[in-house]
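In: Fold the following.
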Amino acid sequence: MLALAANFDPNQISTKREISAAAINVSGRQRMLSQRTALLCLRLVCTQDKAEQEKLRHQLLADIDLMETSHNGLLNGDEKLKLSGHLSATLLAMYFELPFNLDHQIRSYIAQVKALADANTRELTQDNPHLRYIQDAASTQLLIALDAVVNQYQKENEAQQLALDIQRAELYCQSCAATAAAKIQAEKLQKALQELKQTQAQLIHSERISSLGQLVASLAHEINNPVSFVHGNLSFATNYVQHLLELVRVYQEQYPQFNQAIQDKIEAIDLEFLSQDLPQVLSSMTVGIDRICQIVRSLRSFSRMDENEMKLVNLHEGIDSTLLILHTRLKAKDKRPAIEVIKEYGNLPLVECYAGQINQVLMNAIANAIDAIEDRMAHGSCPNPKIRIITAVVGESALIRIADNGIGMTEEVRQRLFDSFFTTKPLGKGTGLGLSISYQIVVEKHGGALWCESTPGQGTEFWIKIPLCQGVKAEAISVSAASPLICAASSETLNRWDKEDKGEKLLL
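Out: Next up, the predicted model:
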């Protein structure tokens, strides 16, 4: 949407990207708010509880004010929202000309919502003309216009389209309007709200993963060039230094008698110590550069920004890359020993999957294991903190088991573990999206299974099962029946684990 400056000024480019991204986000939020306010209006009409009605009125007015502020910001600019207000000719036509005339539609829609929110209780019926207008607009003309504008913003920005799944919300509105039973309406409303949460979670996940992947890939690329330069020249520098030191030694042998100036310089620089220490310094630098190169390779492997389709992937490389990225969290700290990672890798073949998404699942599982160990230490002690990672082939699937001896969780928490926005972490530390998105990646996108077993105060174990080939997807395994099925189908390696664990569910 915004062209880059001809001189490629980094500050100008960064500012324009922020403005363009803000316009896309705000226009997408307009579409979400139209659906959300439509659902809230329906709830306002359906509920008979006055306290609930007041709450819904307040929420409606807050949402519609946000929609109006966002709309004015897109048209006229808003410094707080980072909106410039500079629209292309195509966008101006969409806002102020037929067939969309979006400015008129949005302002009419806002007026109708405010009118419904201000209506008295007796007027809150399903025949209310404001409600009929809102439902029709939210599912037809207004929705179509908003989608067209969002797509236009994305095309002008040449960014990957982030589409919202609103088809189910439309079906909900149609089915809810056709029924008069309050109980059925409430059930369908709950379903629609849950689907809306999942859509929001997918949008947040897509934005975060895209931003994270781009950041990691860009960082790895920027680091790789100078590091490769240093790494490539360090061996030459080492050889040159060795030659110079050898030349100094030959000079000492051929001219053992130094004049006073040379002798003073030898003593000043401590030539003997320098000759011994300089090769060690260069060797240490070589080790450090090799470590940086390894980290860069792991970052590039983890981000997998160039892989938008399923490929054959080495899962062990993904696990190792994730552990390397989380290395600083595994190291010993002031009041905590290092977390030991025990790897028992089986003979896994290459697995057909989305590498970047599976890496994200592994990152969530291992990061949660670290959090659980730290929580146990915060509430008591964990003398031998460790994480155990085991891989094996079970039938036509690859199985990854990630166990920790952390604080564990109750059965109530375990049952809600994969719900969107559910988290036991403090405000600001967790969003409740990591495991929910991981479940969608493994189960819905790869046809696998994801579940966990946990005992409070002892630890937690995650089981990740992914089909080796997506041509024949494995059936989803229910949580309650998962462990017996796996044990029954396990190989000799899995039987050995069970014997070592003395019949316990957890590995640690």
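
In: Would you agree residue 40 falls within a helix?
Out: Yes - with DSSP: H, G, I helix; E, B strand; the rest coil as the criterion, residue 40 is located in a helix.

In: And the pLDDT for it?
Out: In the prediction, the pLDDT value recorded for residue 40 is 91.

In: Residue 505 too?
Out: 46.

In: Let the chain start at 17 from now.
Out: Okay, residue one is now 17; in that scheme the one you just asked about reads as residue 521.

In: Now residue 73: closest residue in space, sequence neighbours ignored.
Out: On the basis of CB to CB, 6 or more residues apart in numbering, the spatially nearest residue to residue 73 that is not a chain neighbour turns out to be residue 133, at 4.9 Å. All C-beta spots, glycine's among them, are computed from the backbone N, C-alpha and C.

In: The host helix or strand of residue 132: which residues count as buried?
Out: Secondary structure assignment for residue 132, by DSSP states H and E: helix 118-134. The neighbour-count check on helix 118-134 (16 or more other CB atoms under 10 Å) flags 118, 119, 121, 122, 125, 126, 128, 129, 130, 131, 132, 133 as buried.

In: Please state the offset of that helix from the chain centre?
Out: Computed by CA atoms, centre = their mean, to the nearest Å, the separation of helix 118-134 from the middle of its chain amounts to 35 Å.

In: thinking again about what came up before, which residues sit in contact with the residue nearest to residue 73?
Out: Residues touching residue 133, when contacts are defined by CB atoms under 8 Å, 6 or more residues apart in numbering, comprise 60, 73, 76, 77, 80.

In: Also residue 300?
Out: Applying CB under 8 Å, 6+ apart, we find residue 300 in contact with no residue.

In: From residue 258, how far off is it?
Out: The spacing between residue 300 and residue 258, counted by CB to CB, to the nearest Å, is 16 Å.

In: try residue 347
Out: From residue 347 over to residue 258 the distance is 34 Å, taken as CB to CB.

In: can you check residue 50 too?
Out: Using CB to CB, one gets 72 Å for the distance from residue 50 to residue 258.

In: The two - which one has more neighbours?
Out: More crowded of residue 50 and residue 258, by other CB atoms under 10 Å: residue 50, with 26 against 13.

In: Look at residue 290 and say how many residues are nearby.
Out: Neighbourhood size, residue 290 [other CB under 10 Å]: 13.

In: any idea which element it lies in?
Out: Judged by DSSP H and E, residue 290 forms part of helix 287-319.

In: again with residue 392
Out: Secondary-structure assignment from DSSP H and E places residue 392 in helix 371-394.

In: Now that helix: average pLDDT?
Out: Helix 371-394 shows an average pLDDT of 86 in the prediction.

In: List the buried residues for it?
Out: Residues of helix 371-394 classed as buried under the neighbour-count rule (16+ other CB under 10 Å) are 371-382, 384-393.

In: strand partners of the helix or strand following that helix, parallel vs antiparallel please.
Out: Proceeding N to C from helix 371-394, the next assigned helix or strand is strand 402-410, under DSSP H and E. According to DSSP bridges, the neighbouring strands of strand 402-410, each with its direction, are strand 356-360 (parallel), strand 413-420 (antiparallel).

In: on that earlier part again, and the buried residues of helix 118-134 as a markdown table, adding pLDDT and distance to residue 343?
Out: Formatted as a markdown table, these follow (pLDDT from 0 to 100; distance: CB to CB, whole Å):
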| residue | pLDDT | distance to residue 343 |
| --- | --- | --- |
| 118 | 90 | 50 |
| 119 | 92 | 53 |
| 121 | 91 | 53 |
| 122 | 92 | 50 |
| 125 | 91 | 52 |
| 126 | 93 | 52 |
| 128 | 91 | 56 |
| 129 | 91 | 52 |
| 130 | 92 | 55 |
| 131 | 90 | 59 |
| 132 | 90 | 56 |
| 133 | 89 | 53 |
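
In: Tell me the one among those nearest to residue 250.
Out: Using CB to CB, residue 118 is the member of those that lies nearest residue 250, at 59.8 Å.

In: Please work out how many residues are found near residue 281.
Out: The local packing count at residue 281 equals 11, with neighbours defined by other CB under 10 Å.
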